[in-house]
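S.K.: what's the 3D shape of this:
(one chain, ligands or ions: 1)
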Amino acid sequence: MHHARSLYATRRQFLRLALAGGALLTGCTPTSAALPLPEIACWPLGRRAAVAFTFDWETAMGGLIHSRSVNDPNVNEDYLLRARRMREGIATTRAIFAPHGIRATYYATGYNFLFGNRERRTFLGDPSFTWASRANGWLSDRWVSSPWFGDDPFGTVATHPEWYFGDLIAPLRTDGHEIQSHTFSHLHGGLADRPTWQQDLETWNRVAAAQGVAPARSLAFPWSSSAGMSDASWSIVEQAGIRSVTRLSDQAQYSLWEVDQDGLVSAPCGQWLPGREGRIRAYPDCYLTPASEERALRQLDRAIAIGGMIDLWAHTEEVTSAAQIATWQRVTARVAGDAQIWVAPLGEIAAWEAARVALILEPDRQRSDEQLWNMRLTNPTDQELLGLALKLPVQVARVRIDDIELERSELEQPRGTGWWPAIGLVTLDLGAGQTVELQFVAP
Ligand SMILES: [Zn+2]
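M.R.: Below you'll find the predicted structure:
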């Protein structure tokens with residue numbers, strides 16, 4: 001009913017927030033003097049922090065044959081062996097997450113969707129990338145003049161399983177994992193030109209669609225290569241529908257996060273990409289290996305302490321040794337067993353945050369007095385918010401949503417929808433485009 005009007009209000013509010021800059025990060029509505037407005041909690045069910053488990057996942061054609069010495073810890077290994085482990089890592093990581101019901105994000109390159117290429121399809125106009133040079137960190141100058149996809153053996157998943165992972169998409173989807181973009185070609189973000197970016201993102205979406213996978217909304221930069229991205233390239237990324245990014249450059253001059261002397265992000269939480277507030281969310285990531293396990297756990301504690309978010313990641317190829325599997329099992333169990341943490345695929349965390357900052361909470365002063373506070377909460381987005389939590393700034397005796405009194409749930413754990421008076425928390429499911437009337441009755 002309030003829908004059309006609210007949409008306009010949102011746009012205005014949104015611009016105001018965008019101009020205010022930092023206000024978007026908290027998105028918390030200032031309390032009016034007369035009416036105590038609840039604070040919209042950052043995460044579902046009032047949880048303290050969010051965690052995404054994510055993987056860079058690529059076939060021999062991804063970053064493996066195009067090996068670069070910078071930002072690739074396994075650069076000296078045989079690329080076909082690495083590709084076999086990339087494949088194997090799907091089975092091992094699925095097995096790690098299944099007992100906990102955890103859904104992860106797999107950032108795939110384009111050949112991951114193919115069952116083969118007997119038909120000798122060419123992609124992106126069969127390019128060579130002059131930027132893939134020794135001067136820019138490649139091991140040789142081969143790719144400056146050789147076609148980027150030129151080593152495609154034109155086989156199938158049966159004859160050349162290192163090159164095509166099309167058979168692994170369905171199992172990932174069955175488990176509910178999210179598949180997002182590591183770019184089609186495993187390009188270098190800061191060096192690729194605009195037409196390449198454009199074609200790359202379109203081609204990824206096309207091969208993904210052939211497997212029933214939705215267009216990418218999240219992007220993990222190959223080689224953490226966001227450094228040097230032009231504003232025009234970012235616009236192409238945004239226009240292609242990308243709403244969140246990770247694996248950003250950790251070079252100090254490009255980093256969005258302050259890093260302390262231990263290499264830990266001081267305040268791990270999502271940030272809007274400067275100039276694209278409300279449109280592209282960037283997330284801090286932490287590489288999880290046996291060597292970094294202790295640091296990753298400290299990074300996790302820090303995310304909980306500040307109510308933030310951390311993306312724990314590796315390549316699937318790594319989670320194949322006994323030591324790596326043990327590390328991932330321990331950290332997964334630690335996260336899954338902590339009710340303070342919301343674990344979700346990275347793209348879903350980004351969609352949640354974008355919708356949350358667009359919510360409109362308006363006091364209804366005409367219908368309010370000292371004993372009764374009425375307000376309207378509108379979700380103008382196309383994203384449903386399950387378990388949206390409101391923190392009440394004052395004690396109340398009763399809570400009604402659309403005239404239905406909420407049940408008090410003093411002790412019930414885990415929390416669902418309802419009202420927890422002891423901690424002043426109200427949770428509800430708010431559908432896409434939905435407006436609800438909230439009513440709080442003073443004690
Ligand atoms: Zn990669």
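
S.K.: Leaving out the residues flanking it, which one is nearest to the spatially most central residue of the chain?
M.R.: Per C-alpha atoms, centre = their mean, the C-alpha nearest to the average position across the chain is that of Leu346, at 2.3 Å. Nearest non-adjacent residue to Leu346, counting by C-beta to C-beta, 6 or more residues apart in numbering: Ala52, 3.9 Å away. For glycine as for every other residue, the C-beta is placed from the backbone atoms N, C-alpha and C.

S.K.: Could I get the pLDDT score of the residue nearest to the centre of the chain?
M.R.: Looking at Leu346, its pLDDT reads 98.

S.K.: what's the answer for the one 3 residues further on, then?
M.R.: Looking at Ile349, its pLDDT is 98.

S.K.: Could you find the closest non-adjacent residue to it?
M.R.: Nearest non-adjacent residue to Ile349 (C-beta to C-beta, 6+ apart): Ala50, at 5.0 Å.

S.K.: wait, is that neighbour part of a strand?
M.R.: Yes - assigned with DSSP: H, G, I helix; E, B strand; the rest coil, Ala50 falls within a strand.

S.K.: gap between the residue nearest to the centre of the chain and Ala240?
M.R.: If you measure Leu346 against Ala240 using C-beta to C-beta, to the nearest Å, the figure is 17 Å.

S.K.: try Arg134
M.R.: 30 Å.

S.K.: the more surrounded of the two?
M.R.: Between Arg134 and Ala240, counted using other C-beta atoms under 10 Å, the more crowded position is Ala240 (19 against 13).

S.K.: give me the element the nearest residue to that one once chain neighbours are set aside is part of.
M.R.: Nearest-residue entry for Ala240: Leu201, 4.0 Å, with adjacent residues in sequence omitted and distances by C-beta to C-beta, 6+ apart. Using DSSP states H and E, Leu201 falls within helix 194-209.

S.K.: just Pro153 next, same as before
M.R.: Per DSSP H and E, there is no helix or strand for Pro153.

S.K.: Please enumerate the helices of the chain.
M.R.: In the chain, the helices defined using DSSP state H lie at 3-20, 23-26, 79-97, 142-145, 169-174, 194-209, 231-239, 293-306, 322-336, 346-358.

S.K.: Can you say which of these is packed in most?
M.R.: helix 346-358 (a mean of 23; mean count of other C-beta atoms under 10 Å).

S.K.: Could you name the helices and strands sitting against that one?
M.R.: Packing contacts for helix 346-358, counted by 3 or more C-beta pairs under 8 Å, 6 or more residues apart in numbering; DSSP states H and E, involve helix 3-20, strand 49-57, strand 178-181, strand 218-220, strand 244-246, strand 281-282, strand 385-391.

S.K.: Going by mean pLDDT, which of the ones you listed comes out lowest?
M.R.: The weakest mean pLDDT among the helices and strands packed on helix 346-358 belongs to helix 3-20, with a mean of 37.

S.K.: ok, how many other residues are close to Ser133?
M.R.: Around Ser133 there are 16 residues (other C-beta under 10 Å).

S.K.: From the ion, how far out is it?
M.R.: 18 Å (C-beta to the ion, to the nearest Å).

S.K.: wait, that residue sits on Val144?
M.R.: Yes - Ser133 sits in contact with Val144 when judged by C-beta atoms under 8 Å, with a separation of 5.1 Å.

S.K.: which residues touch Glu405?
M.R.: 398-399 (C-beta atoms under 8 Å, 6 or more residues apart in numbering).

S.K.: Check Asp167 too.
M.R.: Applying C-beta under 8 Å, 6+ apart, the residues contacting Asp167 are 115, 157.

S.K.: Kindly report the same for Ala91.
M.R.: Per C-beta under 8 Å, 6+ apart, neighbours of Ala91: none.

S.K.: picking up where we left off before, I'd like the distance between the residue nearest to Ile349 and Ser266.
M.R.: Taken as C-beta to C-beta, the span from Ala50 to Ser266 is 17 Å.

S.K.: Comparing the two, which shows the higher neighbour count?
M.R.: Using other C-beta under 10 Å as the criterion, Ala50 and Ser266 rank with Ala50 on top: 28 against 12.

S.K.: My read is that the more buried one contacts Trp342, right?
M.R.: Yes - look at Ala50 against Trp342 with C-beta under 8 Å: they come within range, at 4.7 Å.

S.K.: can you list residues touching both of the two?
M.R.: 43, 349.

S.K.: Number of residues surrounding Phe53?
M.R.: Phe53, neighbours per other C-beta under 10 Å, totals 26.

S.K.: can you check the one 3 residues further on too?
M.R.: Other residues near Asp56 come to 26 when the count uses other C-beta under 10 Å.

S.K.: Let me see the confidence value for Asp438.
M.R.: Heads up, residue 438 is Leu, not Asp. pLDDT, Leu438: 96.

S.K.: Now tell me what touches stretch 125-136 from outside.
M.R.: With C-beta under 8 Å, 6+ apart, stretch 125-136 has contacts from 66, 68, 138, 140-141, 143-150, 185, 187-188, 191-192, 196, 199.

S.K.: mind checking pLDDT for the residue lying closest to Val207 once chain neighbours are set aside?
M.R.: Excluding its sequence neighbours, the residue lying closest to Val207 (C-beta to C-beta, 6+ apart) is Phe113, at 4.2 Å. Looking at Phe113, its pLDDT reads 98.

S.K.: so Phe113 makes contact with Arg206?
M.R.: No - counting by C-beta under 8 Å, Phe113 does not reach Arg206; the two are 9.1 Å apart.

S.K.: and the gap between the nearest residue to Val70 once chain neighbours are set aside and the ion?
M.R.: Distances taken as C-beta to C-beta, 6+ apart place Gly137 nearest to Val70, at 3.9 Å, with adjacent residues excluded. Using C-beta to the ion, Gly137 is found at 14 Å from the ion.
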